[in-house]
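> Need a 3D model of the following:
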Amino acid sequence: MFTFAHIWLLAVLPLPLVVRWLSRPYREERPAVLVPFFDELAALSGQTPGDGAVVRAQTLPRQIVASLCWLLLVVAMARPQWVEPPIVREIPTRDVLLGVDLSSSMETEDFTTADGRKSTRLDAVKGVLDDFLKRRKGDRVGLIFFGTAPFIQAPFTEDLETCRELLREAQVGMAGPRTAIGDAIGVAINMFKASTVKDKLLILLTDGNDSSSRLAPEKAAAIAKDERIVIYTVAVGDPTAVGEQKLDVRTLKDVAATTGGSYFWAGDGAGLENIYKDIDKLGTHQVQSVSYRPKADLYHWPLGAALLLSMLLHAGRIARTRGAA
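Sure thing, here's the model as predicted:
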């Protein structure tokens, strides 16, 4: 769509006509003939000398070119623009952080897939989280991997394809063999401190109990609550296991309850998939959309045309002067 940024400037188009109508012609007094015997010449000719004026008439081509130059200059000052169709962009209104346990127990092959095959816990988690990331709309997503110690694998980003690729590349033992749930929540809190969105969600997936954290999970959850971070805990381990493989259900439930989140447990791939679908429903939110229309300035076209016409006019004048000489 064609438009003008300052269309009101087109009102000055009649300005030259107004100036010509209101102002008097330029006058310059100078003698036309300077001779010592001017009075004798006047007497012999029988004419009475008087004031005279010569108004140089403008040629039609010059008037046309001058008018066109003025028109083009005013159009350029009005800033013509070509407005493109609107582009709609969705602004993230929620930050979702995925905390994935990569301790050695995640290599246990006790998960049954939808087609009846056995898979490791981590492979089952990867498949479900990949589908979960596909459904994210209007969210920024970050990744934390943790074992003996947590580390940030991906900061908050709208590039979900990169997050999915990083998740596919995750391997058991990348962060050590043990489990540091409290420290993982602490890293998540630090990541959320730079977030300016209202909704902050941490989905923490583990199959064990906290065995190497310097920050207790309960203490970390209390801090997360103060930062308005909601934590959903997802357990995939064996609740009847003991020792290092024990699943600390009570702690995971307390962490979720402290922050206003929910606790889930999945014994197979189908159950895990249903959990993330439930989280989708619990975490519904409004997506804020903004639209803008790109604008391309076109003022250089009329400005260039006015300059070209002006140059042609002066070139023609010079050529006529040299031809007359």
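> dump the residue contacts of the closest residue to Asp297 other than its chain neighbours.
Closest residue to Asp297 apart from its sequence neighbours, by CB to CB, 6 or more residues apart in numbering: Gln81 at 5.7 Å. (Each C-beta comes from the backbone N, C-alpha and C, glycine too.) Neighbour list for Gln81: 2-5, 295-298 [criterion: CB atoms under 8 Å, 6 or more residues apart in numbering].
> Only whichever of those residues are buried, select them in PyMOL.
Entered in PyMOL, the line below selects the buried ones among the contacts of Gln81, by 16 or more other CB atoms under 10 Å:
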select buried, resi 4+298
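> which one of the contacts of Gln81 sits closest to Ile152?
Lys295 (39.1 Å; CB to CB).
> And that closest one, how close does it get to Pro86?
Separation of Lys295 from Pro86 (CB to CB, to the nearest Å): 11 Å.
> ditto for Ile231
Distance from Ile231 to Pro86, by CB to CB: 39 Å.
> Next, count neighbours for Leu17.
10 (other CB atoms under 10 Å).
> Check Asp254 too.
16.
> In terms of helices and strands, where is the nearest residue to it once chain neighbours are set aside?
Excluding its sequence neighbours, the residue lying closest to Asp254 (CB to CB, 6+ apart) is Glu218, at 5.9 Å. Secondary structure from DSSP states H and E places Glu218 in helix 217-226.
> rewinding a little: among the contacts of Gln81, name the ones in strands.
Mapping the contacts of Gln81 onto strands (DSSP state E) picks out 2-4, 295-297.
> Tell me which two of the residues you listed sit farthest apart.
Phe4 and Ala296 (13.2 Å).
> And the strands in the stretch 201-325 of the chain?
229-235, 263-265, 288-292, 295-297 (DSSP state E, counting those that start in this stretch).
> Over to the stretch 51-200 of the chain?
80-83, 87-91, 94-101, 111-112, 118-119, 139-146, 150-157, 199-206.
> Go through those strands and name the closest to Leu34.
Nearest of those (CB to CB): strand 80-83, 54.2 Å.
> That closest one pairs with which strands, parallel or anti?
strand 2-4 (antiparallel), strand 295-297 (antiparallel) (DSSP bridges).
> Distance to Leu143 and mean pLDDT for the ones you listed - can I get that in a markdown table?
Output for the strands paired with strand 80-83, formatted as a markdown table (distance: least, CB to CB, whole Å; pLDDT from 0 to 100):
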| stretch | distance to Leu143 | mean pLDDT |
| --- | --- | --- |
| strand 2-4 | 45 | 87 |
| strand 295-297 | 38 | 88 |
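> Dump these to TSV, plus distance to Thr120.
Converted to TSV, these look like this (distance: least, CB to CB, whole Å):
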stretch	distance to Thr120
strand 2-4	60
strand 295-297	54
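> do you know which of the ones you listed lies nearest Gly186?
Using CB to CB, the strands paired with strand 80-83 put strand 295-297 closest to Gly186, at 46.8 Å.
> Domain ranges for the protein, per the record?
Domains of the chain are assigned by automatic domain parsing as 2-44+58-85+294-324, 89-289.
> Deepest in the core, which of those domains is it.
domain 89-289 (a mean of 18; mean count of other CB atoms under 10 Å).
> what's the span of stretch 207-222, first residue to last?
22 Å (CA to CA, to the nearest Å).
> Contacts for it, please.
Contacts for stretch 207-222 (CB under 8 Å, 6+ apart): 101, 103, 105-106, 108, 121, 148-149, 176, 178-186, 189, 231, 235-237, 244-248, 251, 254-255, 258-259.
> Looking at the longest helix belonging to the chain now, give me its mean pLDDT.
Looking across the chain with DSSP state H, the single longest helix is helix 300-324. In this model, helix 300-324 carries a mean pLDDT of 84.
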